[in-house]
Every structure is written in structure tokens, then in C-alpha cells.
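**Q** sequence first, predicted model second:
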2 protein chains.
Amino acid sequence: MGKQATEMLKGTLEGIVLAILSDRPAYGYEITAWLREQGFSDIAEGTVYALLVRVEQRGLVDVEKVPSEKGPPRKVYSLNARGREYLEEFWRTWSFLAERLEQLREGGK
Amino acid sequence: MGKQATEMLKGTLEGIVLAILSDRPAYGYEITAWLREQGFSDIAEGTVYALLVRVEQRGLVDVEKVPSEKGPPRKVYSLNARGREYLEEFWRTWSFLAERLEQLREGGK
DNA sequence: TCGACTATTCGGCATTGCTAAGTACCAGTA
DNA sequence: TACTGGTACTTAGCAATGCCGAATAGTCGA
């Protein structure tokens, strides 16, 4: 992943994280680790935390503090109703973009 | 298209414009008009021009000034060798992202 | 006691798209 | 002539997002 990825992640990373949370509640450290496993090798630690703060402030997720056996307490996030609506909107926008790009890729051969 | 689109365009708009230029040379006004036809209804005029300036400065495109019958001269951009390489890299990054997102969408049902 | 891993926070920076205004050139029209 | 409208590009400043680097804190094993 090069520098292009950094800019391309803007806007999509939020959707990615919300999509993860739509599947199951999770906390920052866990999400970052999972993303890195999935190939987002250079996702910065702080990026995910900052994103989680933002979506919380917008009321898209609920938060619960859960003690950890191995460190400071975890902030476990879960997608709420508003978050689900927002995620659907995200998928619509994404689909639109993906379709245009697929057309361009085919046309450019 | 909502606000999500604005952030999602960051990084991808550049690829979109380069992909257009890989098909045929074009100038800013033309590209903006085409994008709007394609459904990018609220692409700002200035956005495309600024983007073209950037890709020119990075040496991804060649420029030629061509007189217009209906206004000031056009700056016609065409993708050069470096631009083509960069575009391929863009497609690789895009593919990676699109695959992850498709997996997430399916998983989240 | 000293790392190593877990877990979160914060301040400042770079990039990118949007807004808004301005410049410039030409054609048609009153 | 003056005005309007379409074509075509430029510029300055703003907002949002991801990255970098450092700091804070808790737990465990060497």
C-alpha cells in the first residue's frame, strides 16, 4: 500500500469501521489489529481512535467501558440505530463510486 | 450524493480524472461537465482545476494550450508514461480497497 | 526493576475537496 | 455601445481526515 491509500482511505475508513461494528461490538485496539491483519498494514494507531471519537460524538455508536485483564479498561463501541442508517447511506455512496470506477476501468482498455 | 461523498472522493477523484485522461486528452471544463453528467452532480468547478494543477506539477500529465472558439484558451491535458504507471498503481490500491469492502458488506448480513 | 504488550489520548502537520470570488474571451442582442 | 450569458481558468481561505510522535497507564514475566 502506497501513499495513494492514505488519501483513498479518507471517508472509506469510517465506513469500514462502522461495518465492522455492525457485525459485533469492538474496541479500538482490537479494530486496529484486525485491520492490520486484513492488509491495512500501515494504519496508524491514533487514526482509529480519533475516528471512534468522532463517530461517538455524532451519535452513531454507543460506548461501554469494560475492564481488561491485560491493561487499562477498554472502550467497547457498538453500532446503534443512527449508525445503522448512516452505514446504509455509506454503502449507497460507495456503490455509486464503485460502479463509476468499474466503468472507467473497463472503458480504459 | 451526501457529505459522505465529499470525503470518499478524496484520493479517488484523482484516479477518476487520470482514468479519463488515459482514454483521451481533455481539458478542465470538459472534465467537470462530463463528471456532472455521470452523476457527480456537485463536483465543484475549482476542484477539478486544482487537481489538474497538482497532477501536472507531479509530472503525470502533459499540457498543451489550445485556442478555443468560445472563450479563453483551453489547457488540454494528456496522460504521459509516468501518469500511466501511477494510474496502474491507483487501480491496484483501488482493487485492494474494493475487495475488503465487498467482503465486509457480505459479512455484515 | 525493566522491558513488552495491552489500551487510549493528544497536538500538530499534510493533503484534499469545497466555497466564493475574480479574470478573460467571445457571441448575440437591445 | 452596453449588457447578458456561456466558455474557461485562477486563487485564497476553510473544513475534514489520516498520519506522526509522544505521552499516559495497567499488567505480566524475566
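**A** Structure received. Residues are numbered from 1 along each chain as shown, chains lettered A, B, ... in the order given.
**Q** for the rest of this, base every contact and every neighbour count on C-alpha atoms.
**A** OK.
**Q** could you find the closest non-adjacent residue to the residue nearest in space to the middle of chain A?
**A** Most central in chain A under CA atoms, centre = their mean is residue A:17, positioned 1.9 Å from the mean C-alpha point. In space, and not counting its chain neighbours, residue A:17 is closest to residue A:31: 7.6 Å by CA to CA, 6 or more residues apart in numbering or on different chains.
**Q** any idea how far DNA strand D is from the one you found?
**A** Distance from residue A:31 to DNA strand D, counting by CA to the nearest atom of the strand, to the nearest Å: 12 Å.
**Q** just residue A:47 next, same as before
**A** Distance, residue A:47 to DNA strand D, using CA to the nearest atom of the strand: 5 Å.
**Q** what's the burial count for that residue?
**A** Applying the criterion other CA atoms under 10 Å in any protein chain shown, we find 12 residues in the vicinity of residue A:47.
**Q** that one - that's part of a strand, no?
**A** No. Under DSSP: H, G, I helix; E, B strand; the rest coil, residue A:47 sits outside any strand and is assigned helix.
**Q** and it, how far is that from residue B:20?
**A** The span separating residue A:47 from residue B:20 equals 32 Å under the rule CA to CA, to the nearest Å.
**Q** and residue A:85, by the same measure?
**A** In this structure, residue A:85 and residue B:20 are separated by 33 Å, where distance is defined by CA to CA.
**Q** so the two - more neighbours on which side?
**A** Neighbours per residue, other CA under 10 Å: of residue A:85 and residue B:20, the larger number sits with residue B:20, 21 against 12.
**Q** one step back: and the helix or strand hosting the residue nearest to residue A:17, what does it pack onto?
**A** Assigned by DSSP states H and E, residue A:31 falls within helix A:28-37. Helices and strands touching helix A:28-37, by 3 or more CA pairs under 8 Å, 6 or more residues apart in numbering or on different chains; DSSP states H and E, are helix A:45-57, strand A:74-79.
**Q** which of these sits most buried?
**A** Neighbour counts (mean count of other CA atoms under 10 Å in any protein chain shown) averaged over each of the helices and strands packed on helix A:28-37 peak at strand A:74-79, with a mean of 21.
**Q** between helix B:81-107 and the next helix or strand after that one, find me the angle.
**A** Elements were assigned by DSSP H and E; along the chain past strand A:74-79, the next helix or strand is helix A:81-107. Between helix A:81-107 and helix B:81-107, the angle formed by their directions is 140 degrees, by axes from the mean of the first three to the mean of the last three CA atoms, to 10 degrees.
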